[in-house]
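1. whatever this is, show me its structure:
(4 chains)
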Protein chains: 2
Amino acid sequence: MNDQSPVMELVHVLRAVTVEFDLLGAEFAARHGLHPTDVRALIHLLDAARQDIPATPGWLGRQMRLNSAGTTALVDRLERLELVRRTKDTVDRRRVLLEVEEKATELGWSFFGPVIAEVVAVAEGFDTGELETVRSFLTAVLHSTQQARAT
Amino acid sequence: MNDQSPVMELVHVLRAVTVEFDLLGAEFAARHGLHPTDVRALIHLLDAARQDIPATPGWLGRQMRLNSAGTTALVDRLERLELVRRTKDTVDRRRVLLEVEEKATELGWSFFGPVIAEVVAVAEGFDTGELETVRSFLTAVLHSTQQARAT
DNA sequence: GCGTAATATCTCGCTCACCGAGATTATCGC
DNA sequence: GCGATAATCTCGGTGAGCGAGATATTACGC
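-> From the prediction side, this is the model:
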């Protein structure tokens, strides 16, 4: 397993991309006067909205690995920034549903927009089959990592 | 640019991988009684050592987007944990060099070991050309993102 | 060379994100 | 109904990271 093997290079570049995306999020956060955590939360919330998964403080806290106190504080911040709205669940009235405001989706797009544009630009240089290879490789890494973490 | 386009799926899976790696780092940190920031710093320091880049507090702070006060506190923590050692640069005596201890490399391997094993396992299902495609795609995304961030 | 600007690091005081413990309110099984 | 369980929030405390500024060393203009 030397440093020059193709697989090791993949590991390095994957890690580098992760670091880079983190920094991107941190700088976006700083530029908009919020915290990296808020951006991460926003991503989870928009993702949930996109997939019609009901978002609650408890769910968000689990995604973020925050305890309930930290989660409450996080939701308080997001609500104060008018990015989400707390509404009571009419079915189970212990629960609070988090609804993302218009402002949040706008912010989300202003974050992802440039990233998407870059990936699109890069993708120009690859044909459909190659892109499919990349996608399936990353999906496999994702699933294998998720599974390893669950252990 | 609808949600089902191959490129959009790539963006989503890339983001998911990033989130997953973050959580991995956070859980590794928690398990070893350190903070996610410390793990990130460790990654940068090991990376620097691997590439023979001299690591100083200033350099580390720039990598992490921390100000000098935060950087000093970070290095203090790492030194207290015996992961790095401060040594004065004999050439430029304003500078402090950060040397990673044995303990740090061990910790680094215990973090990356499982990740590498997973990527290796996933890579089994792909031939050399495909892996090269993935590598060059990710490298392109990395460079384009780095450049966009520098702007 | 000599004063001044620039650079690297550190100190101090402070804010606030997050944690642990526990309170509160709502639901469910019996 | 009643205890057990679940979802959320409150309170107090810890510490990571910031802004401002101090200190020490080096580079530059004259």
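2. identify the residues contacting the residue nearest the centre of chain A.
-> Nearest to the geometric centre of chain A sits residue A:43, at 3.9 Å (C-alpha atoms, centre = their mean). Shown in contact with residue A:43 (C-beta atoms under 8 Å, 6 or more residues apart in numbering or on different chains): A:108, B:15, B:19. Yep, even glycine has a C-beta here, placed from its N, CA and C like the rest.
3. same check, this time on residue A:141
-> Going by C-beta under 8 Å, 6+ apart, residue A:141 touches A:14, B:17, B:118-119, B:122.
4. ok, which residues in chain A are in contact with DNA strand D?
-> A:56-59, A:68-69, A:71-72, A:75, A:86, A:92, A:94-96 (C-beta under 7 Å from any atom of the strand).
5. and with 6 Å instead?
-> Residues of chain A found near DNA strand D (C-beta under 6 Å from any atom of the strand) are A:56-58, A:68-69, A:72, A:75, A:86, A:94-96.
6. most neighbours out of those residues, which is it?
-> Counting neighbours by other C-beta atoms under 10 Å in any protein chain shown, residue A:75 comes out on top of the residues of chain A next to DNA strand D with 22 neighbours.
7. state the pLDDT value of that one.
-> Turning to residue A:75, the model gives it a pLDDT of 98.
8. wait, a strand at it?
-> No: assignment of residue A:75 by DSSP: H, G, I helix; E, B strand; the rest coil gives helix, placing it outside any strand.
9. wait, it touches residue A:58, no?
-> No: judged on C-beta atoms under 8 Å, residue A:75 makes no contact with residue A:58 at a distance of 10.5 Å.
10. please point out which parts of the host helix or strand of residue A:130 sit buried.
-> Secondary structure from DSSP states H and E places residue A:130 in helix A:128-150. The neighbour-count check on helix A:128-150 (16 or more other C-beta atoms under 10 Å in any protein chain shown) flags A:130-131, A:133-142, A:144-145 as buried.
11. would you turn the residues of chain A next to DNA strand D into JSON lines with secondary structure?
-> Shown next, in JSON lines, are the residues of chain A next to DNA strand D (three-state DSSP):
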{"residue": "A:56", "secondary structure": "coil"}
{"residue": "A:57", "secondary structure": "helix"}
{"residue": "A:58", "secondary structure": "helix"}
{"residue": "A:68", "secondary structure": "helix"}
{"residue": "A:69", "secondary structure": "helix"}
{"residue": "A:72", "secondary structure": "helix"}
{"residue": "A:75", "secondary structure": "helix"}
{"residue": "A:86", "secondary structure": "strand"}
{"residue": "A:94", "secondary structure": "coil"}
{"residue": "A:95", "secondary structure": "coil"}
{"residue": "A:96", "secondary structure": "strand"}
